[in-house]
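Student: This is a predicted model, with the sequence first.
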Amino acid sequence: QVQLVQSGAEVKKPGASVKVSCKASGYTFTSYGISWVRQAPGQGLEWMGWISAYNGNTNYAQKLQGRVTMTTDTSTSTAYMELRSLRSDDTAVYYCARDSSGWTYGPGTDFDYWGQGTLVTVSS
Amino acid sequence: QSALTQPASVSGSPGQSITISCTGTSSDVGSYNLVSWYQQHPGKAPKLMIYEGSKRPSGVSNRFSGSKSGNTASLTISGLQAEDEADYYCCSYAGSSTDVVFGGGTKLTVL
């Protein structure tokens, strides 16, 4: 069965960086992209960006350009999301989600499997 | 402020039908048949309920249906059940410069 298992909760100070991992299993990793979505406490969902596990193409949300980097390691079927220069409003649960569109040139909107979420707390 | 506009809350009694709207623009909902809907229970990850506007993933009840008219997409839930009480989010492709946008979410209360 398809599973996305994320790394554990993190506490970071403002200005630091965080790297969240998302290990996939149960499907051919390179056949689908991964999107990252975050949710601040009590707030809605926010799309952060997408990476093709096939060719490494990325698309990032404009508001995060320059602070976020998404990568994959196809040898371990793992996707990573690194966010730098953390601020208090980056405190959120971060989710990875499989993009079932299978496109390699850009993201779709069909996120059929999700990780369990990783709470990142930014506090001094 | 979210790119897509949803009502903050809707409610209905068991057995009734409700519809949640998702209003975008001609740059997102109106231009692409790439609207999806997600259900999220408290403390849980979102679950895909509708994709490509009106398609249901395997395992999703046929009580859930999606449609679109112009710049507005809609999710209809018929035969409301207590377990449908959750937050619902719409999501749309918005072109190569914006990519993907979510609605602000709608809290469904089953009375």
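Tutor: Perfect, I can see it now. Numbering: from 1, shown residues only, chains lettered A, B, ... in the order given.
Student: low-scoring pLDDT stretches of chain B, where are they?
Tutor: B:1-2 (pLDDT under 70).
Student: What parts of chain B come near chain A?
Tutor: By the rule CB under 8 Å from any CB of the partner chain, the part of chain B lying against chain A is B:2, B:34-36, B:38, B:40, B:45-48, B:51-52, B:57, B:89, B:91-93, B:96-105. From N, CA and C alone the C-beta is placed, and that goes for glycine too.
Student: Please list only the buried members of those.
Tutor: Using 16 or more other CB atoms under 10 Å in any protein chain shown as the burial test, those include B:2, B:34-36, B:38, B:40, B:45-48, B:51, B:89, B:91-93, B:98-105 as buried.
Student: which residues of chain B fall in strands?
Tutor: For chain B, the strands identified by DSSP state E occupy B:9-12, B:18-23, B:35-40, B:47-50, B:64-69, B:72-77, B:86-93, B:100-102, B:106-110, in order along the chain.
Student: Which one of those strands lies nearest to A:Lys23?
Tutor: Distances from A:Lys23 to each of the strands of chain B were compared using CB to CB; the shortest belongs to strand B:47-50, at 20.3 Å.
Student: and the closest one, which strands flank it?
Tutor: Listed by DSSP bridges, the sheet partners of strand B:47-50 and their directions read strand B:35-40 (antiparallel).
Student: Can you give the contact residues for the strand it pairs with?
Tutor: Outside strand B:35-40, the residues within contact range by CB atoms under 8 Å, 6 or more residues apart in numbering or on different chains are A:45, A:109-111, B:22, B:29, B:46-53, B:64, B:66, B:68, B:73, B:75, B:84, B:86-92, B:105.
Student: so how far is that strand from its chain's centroid?
Tutor: Strand B:35-40 has its C-alpha centroid displaced from the chain centroid by 5 Å (CA atoms, centre = their mean, to the nearest Å).
Student: How about stretch A:34-52?
Tutor: Using CA atoms, centre = their mean, the mean C-alpha position of stretch A:34-52 is found 7 Å from that of the whole chain.
Student: ok, now stretch A:32-47?
Tutor: Worked out by CA atoms, centre = their mean, stretch A:32-47 lies 8 Å from the chain centre.
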